[in-house]
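1. could you work out the structure for the sequence below:
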Amino acid sequence: MTEKNIFNNTDLLELVMGDVEAAAEILDEFYKDIPVQIEILIEALKNDDQVLSHRQAHTIKGASATIGAGCLGETARQIEVCADEGDLQQASRFLPNLVEDYSTLITAVRAAGYDISSAA
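-> Numbering: from 1, shown residues only. Here you go, the predicted structure:
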């Protein structure tokens with residue numbers, strides 16, 4: 001897993017045309033929202049809710065792509081595929097990776113100099 005796959009700051013800055021403040025705001029909102037999205041995904045998988053599991057994994061995948069979080073997005077994609085195929089047991093096996101990828105991402109974002117708001 002390369003640093004670029006964890007967090008690609010260059011892609012994020014290109015998205016916001018070099019506006020570091022806008023990038024910081026996007027990252028702060030991501031930081032506040034994704035733990036909620038992960039919790040919803042965990043509950044959906046526990047409740048064998050295929051539709052919600054798929055939707056949540058897709059949401060996390062898309063948000064990750066927006067900020068350049070390749071590893072987190074790839075793990076969310078794997079969950080999304082499993083949910084789409086109806087294999088929620090296999091999808092659940094990816095949850096520890098998803099949580100770890102998120103934690104690693106936050107460390108990388110902070111290492112890149114962003115001051116995101118609250119603890120993970």
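2. drop to CA atoms for contacts and neighbour counts, all remaining ones
-> Fine.
3. which residues does residue 74 contact?
-> For residue 74, the contacting residues are residue 61, by CA atoms under 8 Å, 6 or more residues apart in numbering.
4. and the helix or strand containing it, which residues are buried?
-> The secondary structure element spanning residue 74 is helix 70-84 (assigned by DSSP states H and E). Residues of helix 70-84 classed as buried by neighbour count (16 or more other CA atoms under 10 Å): 70-84.
5. ditto for stretch 36-51
-> For stretch 36-51, a neighbour-count test (16+ other CA under 10 Å) marks 38, 40, 41, 42, 44, 45, 48, 50 as buried.
6. any residues touching that stretch, and which ones?
-> Stretch 36-51 is touched from outside by 52-53, 56-57, 59-60, 83-84, 86, 88-89, 91-92, 95, 99, with contacts defined as CA under 8 Å, 6+ apart.
7. emit the ChimeraX select command for whichever of these are buried.
-> Listed next is the ChimeraX selection for buried residues among the contacts of stretch 36-51, using 16+ other CA under 10 Å:
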select :52,53,56,57,59,60,83,84,86,88,91,92,95
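8. of the contacts of stretch 36-51, closest to residue 27?
-> Distances from those to residue 27 were compared by CA to CA; the smallest belongs to residue 60, at 13.5 Å.
9. how distant is the helix or strand hosting the closest one from the center of its chain?
-> Assignment of secondary structure by DSSP H and E places residue 60 within helix 50-67. Centroid displacement of helix 50-67 relative to its chain, using CA atoms, centre = their mean, to the nearest Å, is 8 Å.
10. distance of residue 72 relative to residue 57?
-> The gap separating residue 72 from residue 57 is 10 Å, by CA to CA, to the nearest Å.
11. show the pLDDT at the nearest residue to residue 65 once chain neighbours are set aside.
-> Nearest non-adjacent residue to residue 65, counting by CA to CA, 6 or more residues apart in numbering: residue 73, 6.2 Å away. Looking at residue 73, its pLDDT reads 97.
12. ok, now how distant is residue 73 from residue 86?
-> As defined by CA to CA, residue 73 lies at a distance of 20 Å from residue 86.
13. one more: residue 115?
-> As defined by CA to CA, residue 115 lies at a distance of 39 Å from residue 86.
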